[in-house]
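S.K.: okay, structure incoming, though there's no sequence with it:
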DNA sequence: TATAAATTGTGCATTAAATCACAACCCATG
DNA sequence: CATGGGTTGTGATTTAATGCACAATTTATA
């Protein structure tokens, strides 16, 4: 996942597209029909030139003098990101975090469905959380291959995250969102993204000093 | 927060330090005393040269021929990031997410204490979650100024996030970790970081195509 | 219809980030 | 104590990302 992406569109550009999509959807909810790179940039704290250049990688979506038709651009970005369909996502770990993820209502409208929870605690197996059924961790090997599932979120303690990852990779998962505070090792064709709130907090405390001159 | 940081150490470097710290702490747990930029790089998927250069911004922490003394480096990084103390963090929103955050045991050992929950639901006020007391949202104006609190996490629905932000800024919060799927507008001296799992998922679905040539 | 204001898409210039490569150094070993 | 293998810190170089600035175009308005 390091080499392949580079000779086409920069990954950093791809990473901004979901932010554009999110802001555009919000504008839509506010009843707006048209926007400009300038307005979008102001909302996102990104320069207008960058937004125009990013979007131009995928075609001329705007109109000179007018701006961007929001509905049209939203559809185009959904197409580029492939979220104009629904992706099944497996969540590993039915603790507080896995539970919060399962109950959160914000996935579906943005292209994802939390389809299964997996947990090592056999007490939880068979129950469901927010209408997401809980399976045994051992069922990863059957449930995932038997269904169309290429994405997973890891919400287990750090010490189990690598083992879970290897199991997921083995059954064909290609994208992993890891909430465990640990770096994962995966094959080149598997992509991992990380969420660790402490990393963000520690990043910010650096600037909480009075001597930044 | 855009201009000031730039003439000293690049923000992108600061952003990697928490990852180094996390990996080093892990090595420590594994009983290791010494490591090298190479080993660290392998674990993190970052080049060894980059790690050396990043660290060299803050002084020569390593020893040629030997590598880095882990305990020493951990202490240095903690100092740089200012996490060799404990920061009070307010969490706004006592829903599933705020609840999971409050119960999570991983903050304290890394420099943070979830000290207060604030929620609009008066039913919840006075109770506590994971030993974190719940206050009324109105109490933000008194509790935060009366205590040493410069950081907050936002775990409320998107439509309330901007209003909550403004309230937090008004009482002196300088660092905000926002879980609501919306871009926030803040003064220049306030830093915001974002966590939106859908943004990560959408980033990854771009690469879930078979025609990446 | 003519004019003015707004906006895109993009070639070019600039700035920033990452990598290379090596002198200086440390340590274990014989 | 000399040698060889390993490692850092960093100047030089390369690569990547961002910002600038403007021709081309659209729309509103008078």
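M.R.: Noted; the coordinates are in hand. A quick note: this is a predicted structure, and the numbers were derived from the prediction, not measured.
S.K.: relative to residue B:209, how far out is residue A:186?
M.R.: 18 Å (C-beta to C-beta, to the nearest Å). C-beta here means a position set from N, CA and C on the backbone, and glycine is covered the same way.
S.K.: who has more neighbours, these two?
M.R.: residue A:186 (19 against 8; other C-beta atoms under 10 Å in any protein chain shown).
S.K.: partner residues bridging the nearest residue to that one once chain neighbours are set aside?
M.R.: Closest residue to residue A:186 apart from its sequence neighbours, by C-beta to C-beta, 6 or more residues apart in numbering or on different chains: residue A:192 at 5.6 Å. Note on residue A:192: beta-bridge partners by DSSP bridges are residue A:176.
S.K.: okay, residue A:192: pLDDT?
M.R.: pLDDT for residue A:192: 98.
S.K.: wait, what's in contact with it?
M.R.: A:165, A:175-178, A:184, A:186 (C-beta atoms under 8 Å, 6 or more residues apart in numbering or on different chains).
S.K.: just the closest of the residues you listed to chain B, please.
M.R.: Of all the contacts of residue A:192, residue A:175 has the smallest distance to chain B: 3.9 Å, by C-beta to the nearest C-beta.
S.K.: tally of neighbours for the closest one?
M.R.: Other residues close to residue A:175 by other C-beta under 10 Å number 24.
S.K.: let me know whether it touches residue A:191 as I believe.
M.R.: Yes: contact criterion C-beta atoms under 8 Å: residue A:175 and residue A:191 qualify, at 5.1 Å.
S.K.: got the residues of chain A near DNA strand C?
M.R.: Taking C-beta under 7 Å from any atom of the strand, the part of chain A that reaches DNA strand C is made up of A:36-38, A:48-49, A:52-53, A:55-56, A:60-68.
S.K.: how about the strands in chain A?
M.R.: A:34-35, A:62-63, A:67-69, A:87-92, A:112-119, A:128-129, A:132-136, A:149-154, A:175-178, A:191-194 (DSSP state E).
S.K.: which residues touch residue A:154?
M.R.: Counting by C-beta under 8 Å, 6+ apart, the residues that residue A:154 touches are A:92-93, A:161, A:164-165, A:168, A:176-180.
S.K.: 10 Å - rerun?
M.R.: Residues near residue A:154 by C-beta atoms under 10 Å, 6 or more residues apart in numbering or on different chains: A:90-93, A:97-98, A:160-162, A:164-165, A:168, A:176-180, A:182, A:184, A:192, A:194-195.
S.K.: leaving out sequence neighbours, find the closest residue to it.
M.R.: Using C-beta to C-beta, 6+ apart, the closest residue to residue A:154 is residue A:178 (4.6 Å).
S.K.: give me every residue that touches the one you found.
M.R.: A:92, A:152-156, A:158, A:161-162, A:164-165, A:184, A:186, A:192-196, B:200.
S.K.: my guess is residue A:76 meets residue A:68, correct?
M.R.: Yes: between residue A:76 and residue A:68 there is a contact under C-beta atoms under 10 Å: 9.4 Å.
S.K.: now do the shared contacts for the two.
M.R.: A:55, A:61.
S.K.: what about those two, which has more around it?
M.R.: Legend: neighbour count by other C-beta under 10 Å for residue A:76 and residue A:68, higher for residue A:68 (25 against 18).
S.K.: how much space between the more buried one and residue A:60?
M.R.: 10 Å.
S.K.: what do these two both touch?
M.R.: In contact with both residue A:68 and residue A:60: residue A:52, using C-beta under 10 Å, 6+ apart.
S.K.: just give the number of residues close to residue A:105.
M.R.: Residue crowding around residue A:105 was assessed by other C-beta under 10 Å; the count is 8.
S.K.: mind listing what it touches?
M.R.: Contacts of residue A:105 by C-beta under 10 Å, 6+ apart are A:130, B:157.
S.K.: what's the per-residue pLDDT of it here?
M.R.: 97.
S.K.: and it, how close does it get to DNA strand C?
M.R.: Applying C-beta to the nearest atom of the strand, to the nearest Å, the value for residue A:105 to DNA strand C is 32 Å.
S.K.: ok, that residue to residue A:76 distance?
M.R.: 26 Å.
S.K.: next one: residue A:197
M.R.: For residue A:197, the distance to residue A:76 - C-beta to C-beta - is 32 Å.
S.K.: same deal with residue A:52?
M.R.: 14 Å.
S.K.: any idea what residue A:134 is bridged to?
M.R.: Here residue A:134, judged by DSSP bridges, has bridge partners residue A:117.
S.K.: quick one, helices of chain A?
M.R.: Taking DSSP state H as the test, the helices found in chain A are A:11-29, A:37-44, A:48-56, A:70-81, A:96-103, A:140-146, A:158-170, A:197-205.
S.K.: now the residue nearest in space to the middle of chain A. Nearest residue, chain neighbours left out?
M.R.: Compute the mean C-alpha point of chain A, and by C-alpha atoms, centre = their mean the closest residue is residue A:177, 7.1 Å away. Closest residue in space to residue A:177, ignoring its immediate chain neighbours: residue A:153 at 4.5 Å, by C-beta to C-beta, 6+ apart.
S.K.: distance-wise, check the one you found relative to residue A:112.
M.R.: 10 Å.
S.K.: what do those two both touch?
M.R.: A:89, B:197, B:201.
S.K.: right, and the first one touches residue A:114 too?
M.R.: The reference is to residue A:89. Yes: between residue A:89 and residue A:114 there is a contact under C-beta under 10 Å: 5.4 Å.
S.K.: who's more crowded, these two?
M.R.: residue A:89 (24 against 21).
S.K.: report the beta-bridge partners for the residue lying closest to that one once chain neighbours are set aside.
M.R.: Closest residue to residue A:89 apart from its sequence neighbours, by C-beta to C-beta, 6+ apart: residue A:151 at 4.7 Å. Judged by DSSP bridges, the bridge partners of residue A:151 are residue A:89, residue A:175.
S.K.: tell me, what's touching residue A:89 and residue A:114 both at once?
M.R.: With C-beta under 10 Å, 6+ apart as the test, residue A:89 and residue A:114 both reach A:101, A:107, A:132, A:153.
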